[in-house]
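Participant: output the structure for:
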Amino acid sequence: MINIRKYIKERESQDKNSFEKKLWFHRGKKLAMAVGFLVAVVAILSAYQYYSRHLVYTGYDVLSVSELTEIMNGEYKAYGDYILRYSMDGISCMDKNGGLVWGQAYEIKNPIVDVCGNYVALASQKGNEVYIFNKAGYQGEVRTQYPISAIKVAGQGVVAVMQEDAGNNYIKLYDTKGEELVTTKTSLEKEGYPFAYALSQDGKKMAVSSLDIVGNSLKNVVEFYNFSAVGKDYVEKLVGTYQEEFENSLVPKIEFINNNTVCAFADNQIVLFRMKEIPEIISIIPIEEKIHAVFFSESYIGLITENKKEGALFQLRVFTADGKVVDSISEKTLSERYTNAFFTNDSLVLYNEYSCEIINMDGVEKFNYTFERNIVLLKYIADSRYTLITPSSISEIRLK
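Facilitator: Next comes the predicted model:
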């Protein structure tokens, strides 16, 4: 006689095992579908990235164009999403279509401009006025005691102003209200002449390249200042001095390429310093060829040098912010003398009055074009879109 209870129990066990198998099968199927979908997405993205990296543009479409009133001796400068235009009569901030965001009138014979983050400083070279702006417009003004030779602005509006007076040189820091924060003074007879200087993005650190005449020769020294609490423990907030490294060099340009990295561009080498608080050398890169141009971003440093090989006049040298050579793009030869260069997210843009060349960081030449109109400014927007400014127009273009 059949044991009913035993039969029911065995049947329930079989049903349970069958259900679990079906459940695991269903879950496995969904997992396999999800993995397959992700693999397909990754494959599509990889294929698109490869296509994008190797896509070559041969021309461009004009997406919008606006006329500009030509101004005598007008200069243009990229400013975040905006464009600055300045001359002896005033400065204006424009959007990508040429629309006025803000403007300021003045009368300055030799205006000089510096930009960092949201802030803009404009000064009268050999004069005594400094105007400070951000994206909202005018923020303050500085009146200096001595004639101005150069200016640097930090990302929060602090301005470092180099001034000259009867053999003495001053670099004074001011806030947006014109209040003097810090002063450094050098004498031509004792410390030498400040050749170039740089201000960190947070306005708390400064690097100065100075020339001194010793006997019948010039000596270059690079000094570092820290205006934060760290610098209070040092005489005159001077936290580092380097001279031996520049014994046979002249350093006409020095820059904070990001807030903690300083690049000294010498005539025969590049010296990179890490300066979170106190400077230390992270790389010395000898340069044998004559340097024609230097440019940088927060991640890369670029040079255009004389080319010793046949067939081209110039060559590129590109390094990371810690001094490593970017082999894919370095040593590329150039037949044009480019006067302007800048890095985008993944490319290097080179241009002069009429010609433009774009090379991505894989070394692929993406664009090589000669424009019919004089290029005053070329500014990257996104993807393949750029702002193109000529003396009489501002256009948004898309490469094709």
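
Participant: that's a helix at residue 331, yeah?
Facilitator: No. Under DSSP: H, G, I helix; E, B strand; the rest coil, residue 331 falls outside any helix and is assigned coil.

Participant: so it touches residue 317, yeah?
Facilitator: Yes. At 7.4 Å, residue 331 counts as touching residue 317 under the criterion of Cβ atoms under 8 Å. Heads up, the C-betas are built off the backbone N, CA and C, glycines and all.

Participant: so what sits against both of these two?
Facilitator: With Cβ atoms under 8 Å, 6 or more residues apart in numbering applied, the contact sets of residue 331 and residue 317 do not overlap.

Participant: of these two, which one has the most company?
Facilitator: Using other Cβ atoms under 10 Å, the more surrounded residue of residue 331 and residue 317 is residue 317, with 21 against 14.

Participant: any idea how far residue 185 is from that one?
Facilitator: For residue 317, the distance to residue 185 (Cβ to Cβ, to the nearest Å) stands at 37 Å.

Participant: likewise residue 350?
Facilitator: Separation of residue 350 from residue 185 (Cβ to Cβ): 40 Å.

Participant: neighbour count for those two, which is higher?
Facilitator: residue 350 (25 against 13).

Participant: where in the stretch 101-250 of the chain is pLDDT low?
Facilitator: Judged against pLDDT under 70, the stretch 101-250 of the chain has no low-scoring part.

Participant: one more time with 90
Facilitator: 165-168, 185-193, 195, 212-219, 247-248 (pLDDT under 90).

Participant: which stretches in it count as strands?
Facilitator: Under the criterion DSSP state E, counting those that start in this stretch, the stretch 101-250 of the chain carries strands at the ranges 111-116, 119-124, 129-134, 137-143, 148-153, 159-165, 168-174, 180-187, 193-199, 205-214, 217-226, 238-242.

Participant: just the buried residues of the third one, please?
Facilitator: Read that as strand 129-134. The neighbour-count check on strand 129-134 (16 or more other Cβ atoms under 10 Å) flags 129, 130, 131, 132, 133, 134 as buried.

Participant: verify the stated contact: the fourth one with residue 142.
Facilitator: In this case it means residue 132. Yes. Assessed by Cβ under 8 Å, residue 132 is found in contact with residue 142 at 7.2 Å.

Participant: so what's in contact with the two at the same time?
Facilitator: residue 159.

Participant: check contacts around the spatially closest residue to residue 230 that is not a sequence neighbour.
Facilitator: Excluding the flanking residues, the one nearest residue 230 by Cβ to Cβ, 6 or more residues apart in numbering is residue 277, at 4.7 Å. By Cβ under 8 Å, 6+ apart, residue 277 lies in contact with 226, 228, 230, 239.

Participant: circling back to that earlier point, now for the buried residues of strand 129-134: which two are most distant?
Facilitator: Spanning the widest gap among those are 129 and 134, at 17.8 Å by Cβ to Cβ.

Participant: before we move on, the earlier item: and of the contacts of residue 277, the nearest to residue 260?
Facilitator: In terms of Cβ to Cβ, no member of these lies closer to residue 260 than residue 226, at 11.8 Å.

Participant: what about that closest one, distance to residue 141?
Facilitator: 27 Å.

Participant: when these two are compared, which one has more neighbours?
Facilitator: Between residue 226 and residue 141, counted using other Cβ under 10 Å, residue 226 has the larger neighbour count: 23 against 13.

Participant: does the nearest residue to residue 242 once chain neighbours are set aside have beta-bridge partners, and which?
Facilitator: Using Cβ to Cβ, 6+ apart and skipping residues adjacent in sequence, the residue nearest residue 242 is residue 222, 4.7 Å away. Beta-bridge pairing of residue 222 under DSSP bridges involves residue 209, residue 242.

Participant: so residue 222 touches residue 207, yeah?
Facilitator: Yes. The pair residue 222 / residue 207 is scored as a contact, 6.5 Å apart, by Cβ under 8 Å.
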